[in-house]
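K.L.:
Predicted model follows, preceded by the sequence.
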Number of protein chains: 2
Amino acid sequence: MYSIQLIHKNGFEAFTFRKLAELIGTTEASVYRYFENKHRLLIYLAAWYWTWLQYQVKYQTNNINDPVVKLKMIIKLLATTVKDDLRTSYVDESLLHQIIITEGSKTYLTKRVSEDNKDQLFKPYKDLCAHIANIIIEYNPNYRYPKSLASTIIEMAHFQNFFKDYLPSLTDFGETKDESNTVSYLEDMLFRVLRKENCELVNL
Amino acid sequence: MYSIQLIHKNGFEAFTFRKLAELIGTTEASVYRYFENKHRLLIYLAAWYWTWLQYQVKYQTNNINDPVVKLKMIIKLLATTVKDDLRTSYVDESLLHQIIITEGSKTYLTKRVSEDNKDQLFKPYKDLCAHIANIIIEYNPNYRYPKSLASTIIEMAHFQNFFKDYLPSLTDFGETKDESNTVSYLEDMLFRVLRKENCELVNL
DNA sequence: TTTTATTAGATAGTATTACTATCTTTTATA
DNA sequence: TATAAAAGATAGTAATACTATCTAATAAAA
């Protein structure tokens, strides 16, 4: 998908079907045969990404029983730069990951959400969220907000990395190269929230 | 600001200077005298909103010493529908609040972030984040990620409300009318994360 | 008070964007 | 081999996101 290269290079706002058509040596109208508009194209890219990530999550947590280890693995997969998957030679997962960080929330932050949602376009994202929520419940069945916590973790894995690179004063890990601080923050947050209350609460 | 009405009605993507000019009875070129482009207009609206919210936060926590009460007040202000401020007759804060939920993160999720950031356009947002981070530190000086936690709270106050209305399966509070569940979730999360460790950690 | 800037607004344009309608070619199926 | 379906190309359009330039209003300086 050449669209990944173009969106990664100039951003989704500057991306047009004309430019994509030029790059792949076809016409604008031909691109419209496959995608009704550029917003839908972004949604399809995102859906591909979340489906792929869900697969990665299931593969990497396959033999693991401990929910703590599973959750840590998920945070790592969400927040860490992915290495290119060799089986999908046509997709550069690393570039796509960068795109989803910057453009991902634009898929649903529109007036068309409900319509796109009816067309099941957010299913991969919702499935991943539900999967993570299930592991949260497995770890602490008494926690009351597993889905909200899951969507918080997913979104913040991206936002904190974006902030780190472009608005560092919104994070506590300046302009650090890698994502290890984001992983640490998310793990710390998740397991503090889920800590089982076998000692008294001190602040209530 | 008629732009607030237009963006609220049709969304930022469908908003144009031409439509705004028509609404206020002037020409497109005249609007360009005041805003270099529509993205900057959105940034100015957001900056106005965050400045106004910062003022609300300072006003409403003025005589409060207890950081717990202050943080709860901040979560309420962030996540709850605001009532129209009568002193600013020209701005409908309630509409603006709705706009910032849906369009707010688009102000910085662009290729122009660094440029816009250099022009100090995100200062009100960053100031609010820093202010919240300070209260977090006041409450628990040992917590290591006050700024990241502050930006998480700010973003999630909006995202969880958006999800509640349009992608409810990403939250634990279906299609509830008001924002009380979002407030509960955020309070629960914040104070679990910040709980002082005067008893043993059970999961490390 | 008059001159002179500066600001604000209007007119008229342009390149680009986001499409659509329709025709032709290719490919698959009966 | 005929025929239909899919894919692609051509040529358009209305709208968008601007810019250049002209004119009118207003404010500051002489």
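P.N.:
Arrived safely. Note that the structure is predicted; figures quoted are calculated from it, not measured.
K.L.:
Next, the residue of chain A found nearest DNA strand D: secondary structure please.
P.N.:
Residue nearest to DNA strand D within chain A: A:Ala29 (3.1 Å; CB to the nearest atom of the strand). For every residue, glycine as well, the C-beta is placed using N, CA and C. Following DSSP: H, G, I helix; E, B strand; the rest coil, we place A:Ala29 in the helix state.
K.L.:
Please list all residues in contact with A:Asp178.
P.N.:
Applying CB atoms under 8 Å, 6 or more residues apart in numbering or on different chains, we find A:Asp178 in contact with A:Thr81.
K.L.:
does it count as helix, strand or coil?
P.N.:
Assignment for A:Asp178 (three-state DSSP): coil.
K.L.:
can you tell me how far it sits from chain B?
P.N.:
If you measure A:Asp178 against chain B using CB to the nearest CB, to the nearest Å, the figure is 16 Å.
K.L.:
Need the per-residue pLDDT for that residue.
P.N.:
Per-residue confidence (pLDDT) for A:Asp178: 91.
K.L.:
One more: the one 4 residues further on?
P.N.:
For A:Thr182, the pLDDT comes out at 98.
K.L.:
contacts for whatever helix or strand it lives in?
P.N.:
Taking DSSP states H and E as the criterion, A:Thr182 maps to helix A:180-194. Residues from elsewhere that reach helix A:180-194 (CB under 8 Å, 6+ apart): A:68, A:71-72, A:75-76, A:78-80, A:136, A:139-140, A:143, A:149, A:153, A:156-157, A:160-161, A:164, A:171-173, B:144-145, B:148-149, B:152, B:188-189, B:192-193, B:195, B:203-204.
K.L.:
Narrow those residues to those in helices?
P.N.:
A:68, A:71-72, A:75-76, A:78-79, A:136, A:139, A:149, A:153, A:156-157, A:160-161, A:164, B:148-149, B:152, B:188-189, B:192-193 (DSSP state H).
K.L.:
thinking again about what came up before, give me the buried subset of the contacts of helix A:180-194.
P.N.:
A:68, A:71-72, A:75-76, A:78-80, A:136, A:139-140, A:143, A:149, A:153, A:156-157, A:160-161, A:164, A:171-173, B:145, B:148-149, B:152, B:188-189, B:192-193, B:195 (16 or more other CB atoms under 10 Å in any protein chain shown).
K.L.:
Tell me the buried residues in the longest helix anywhere in chain A?
P.N.:
Counting residues, the longest helix found in chain A (DSSP H) is helix A:38-60. The neighbour-count check on helix A:38-60 (16+ other CB under 10 Å) flags A:38-50, A:52-54, A:56-57 as buried.
K.L.:
In contact with the closest residue to A:Val183 other than its chain neighbours, which residues are there?
P.N.:
Residue nearest to A:Val183 in three dimensions, not counting chain neighbours: A:Ala79, with 5.2 Å by CB to CB, 6 or more residues apart in numbering or on different chains. A:Ala79 sits next to A:Ala157, A:His158, A:Gln160, A:Asn161, A:Glu179, A:Thr182, A:Val183, A:Leu186 when contact means CB under 8 Å, 6+ apart.
K.L.:
any idea how far B:Thr152 is from A:Ala79?
P.N.:
13 Å (CB to CB, to the nearest Å).
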